[in-house]
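A.B. asks: With the sequence up front, the predicted model follows.
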Amino acid sequence: KQEVTQIPAALSVPEGENLVLNCSFTDSAIYNLQWFRQDPGKGLTSLLLIQSSQREQTSGRLNASLDKSSGRSTLYIAASQPGDSATYLCAVSGMNRDDKIIFGKGTRLHILP
Amino acid sequence: KAGVTQTPRYLIKTRGQQVTLSCSPISGHRSVSWYQQTPGQGLQFLFEYFSETQRNKGNFPGRFSGRQFSNSRSEMNVSTLELGDSALYLCASSPSSGQADTQYFGPGTRLTVL
């Protein structure tokens, strides 16, 4: 049974710093991995999707990496801004078409002005 | 293109009542998935509908049901509400079924059961 873990559950960093969020999963047989952002009381916004054959994806100040063999992914945020404050969730999809997406519980990020 | 819309945004019900939530996907998307989000359990998959057929179902009791209409709009119903059903219910749409496509989420319906 796939389990997705995100540590730490919460993180506060000063504005301008680069930071890394971690995601680990127990079953390396994944189809893809996604990183989402969720603002308080709102829905999820997809940030980056990495296919299992890829090692990383980049979008602006965000870079996500995937190491399937070790069951890990990281989301790197460069030059953090107060607007980056949100909860970041990672989610993995299994290899079978009917596999459900499994989410981690997220890391709540607070950027200090 | 308009995003995923969910109605209502907020609901307050009492134990034992039933509730229906609605989700309108992005135009052209045929798959709608529903999720329950609580502080303790996080985001949990409820079910997915594609072309009016339930494609997949999570581990929730039969009190949770759904359907999809020919225009891809979907409804979720919860009968005999329990206090533990209080949660943010999110729906997500994607062009096709399965894990290949990115899912686009709506803002959610916040359900409070008293």
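C.D. replies: Thanks, I have the structure now.

A.B. asks: Chain neighbours aside, what residue packs nearest to the spatially most central residue of chain B?
C.D. replies: For chain B, B:Trp34 is the residue whose C-alpha lies nearest the centre (Cα atoms, centre = their mean; 3.1 Å). Residue nearest to B:Trp34 in three dimensions, not counting chain neighbours: B:Leu46, with 4.1 Å by Cβ to Cβ, 6 or more residues apart in numbering or on different chains. C-beta: built from backbone N, CA, C; applies to glycine.

A.B. asks: B:Gln103 now?
C.D. replies: Computed as Cβ to Cβ, 6+ apart, the closest residue to B:Gln103 that is not its neighbour in sequence is B:Ala92, at 3.9 Å.

A.B. asks: Okay, and that neighbour sits in which element?
C.D. replies: strand B:87-94 (DSSP states H and E).

A.B. asks: Give the pairing partners of that strand; include direction for each.
C.D. replies: Here strand B:87-94 is paired, per DSSP bridges, with strand B:31-38 (antiparallel), strand B:104-105 (antiparallel), strand B:109-113 (antiparallel).

A.B. asks: chain center to the helix or strand hosting A:Leu11: distance?
C.D. replies: With elements taken from DSSP H and E, the one containing A:Leu11 is strand A:10-14. Put simply, strand A:10-14 sits 16 Å off its chain's centre (Cα atoms, centre = their mean, to the nearest Å).

A.B. asks: wait, does it contact chain B?
C.D. replies: No: using Cβ under 8 Å from any Cβ of the partner chain, strand A:10-14 stays clear of chain B, coming no nearer than 12.6 Å.

A.B. asks: Kindly format the C-alpha coordinates of that strand as PDB.
C.D. replies: The C-alpha trace of strand A:10-14 is given here as PDB (Å, rounded to 0.1, in the frame of the first residue of the first chain):
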ATOM      1  CA  ALA A  10       5.400  23.100   9.100                       C
ATOM      2  CA  LEU A  11       8.300  25.400   8.200                       C
ATOM      3  CA  SER A  12       9.000  29.100   8.700                       C
ATOM      4  CA  VAL A  13      11.900  30.800   6.800                       C
ATOM      5  CA  PRO A  14      12.900  34.500   6.300                       C
END
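
A.B. asks: that older thread, what residues does the residue nearest to B:Gln103 make contact with?
C.D. replies: A:44, B:4, B:32-33, B:35, B:103-106 (Cβ atoms under 8 Å, 6 or more residues apart in numbering or on different chains).

A.B. asks: Report the beta-bridge partners for it.
C.D. replies: Applying DSSP bridges, one finds that B:Ala92 bridges with B:Ser33, B:Phe105.

A.B. asks: Serialize the contacts of B:Ala92 to TSV and add fields for pLDDT, neighbour count and distance to A:Asp84.
C.D. replies: Shown next, in TSV, are those (pLDDT from 0 to 100; neighbours: other Cβ atoms under 10 Å in any protein chain shown; distance: Cβ to Cβ, whole Å):
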residue	pLDDT	neighbour count	distance to A:Asp84
A:Leu44	92	27	15
B:Val4	95	21	23
B:Val32	95	30	30
B:Ser33	94	27	27
B:Tyr35	96	26	24
B:Gln103	86	25	22
B:Tyr104	91	20	21
B:Phe105	93	22	19
B:Gly106	95	25	22
